[in-house]
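what's the 3D shape of this:
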Amino acid sequence: MKSQEEVLEDWVHTLLQAFEIADLTIDTNAVLKVAGEAAHAVVRPAAPLTTFIAGLAAGLAAGSGQAAEAAAMRAALELAGNLAVAEAGGED
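Numbers count the residues shown, from 1 in each chain. All right, here's what the predicted structure looks like:
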């Protein structure tokens, strides 16, 4: 039986192949961390929305030449994570 990490790795590979971006490297742990932060700081359904919007923003930045793919992904995930942490702090 595969571990959760192996299943996720296979799934990411399948998605990258299907979208014809197989040469892209995804930091799965960073994505999952941001999803967790959003789920706990906002509401659970914020997790997929946050990661989708961060990915979209990274893709737009990379596609327009504003940043290299890896830098765009890092920046988008960092911003999303910081926003989620700030949201959690706003509830106190």
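
Could you measure from residue 13 over to residue 25?
The gap separating residue 13 from residue 25 is 11 Å, by CB to CB, to the nearest Å. C-beta: built from backbone N, CA, C; applies to glycine.

Could you do residue 38 as well?
In this view, residue 38 and residue 25 are 22 Å apart by CB to CB.

Looking at the two now, which is surrounded by more residues?
More neighbours surround residue 38 than the other of residue 38 and residue 25, with 27 against 10 (other CB atoms under 10 Å).

List the contacts of the more buried one.
Applying CB atoms under 8 Å, 6 or more residues apart in numbering to residue 38 gives the contacts 46, 47, 49, 50, 51, 80, 84.

Which of those are buried, as a ChimeraX select command?
Buried members of the contacts of residue 38, defined by 16 or more other CB atoms under 10 Å, are picked up in ChimeraX with:
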select :46,47,50,51,80,84
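
can you pull the buried residues of stretch 80-92?
Neighbour counts using 16+ other CB under 10 Å place 80, 81, 83, 84 of stretch 80-92 among the buried residues.

And stretch 54-64, by the same measure?
54, 55, 57, 58, 59, 61, 62.

what's the answer for stretch 17-33, then?
26, 30, 31.

Quick check: the residue nearest the centre of the chain vs residue 39, distance?
What sits nearest the mean C-alpha location of the chain, by CA atoms, centre = their mean, is residue 31, with 3.5 Å. In this view, residue 31 and residue 39 are 12 Å apart by CB to CB.
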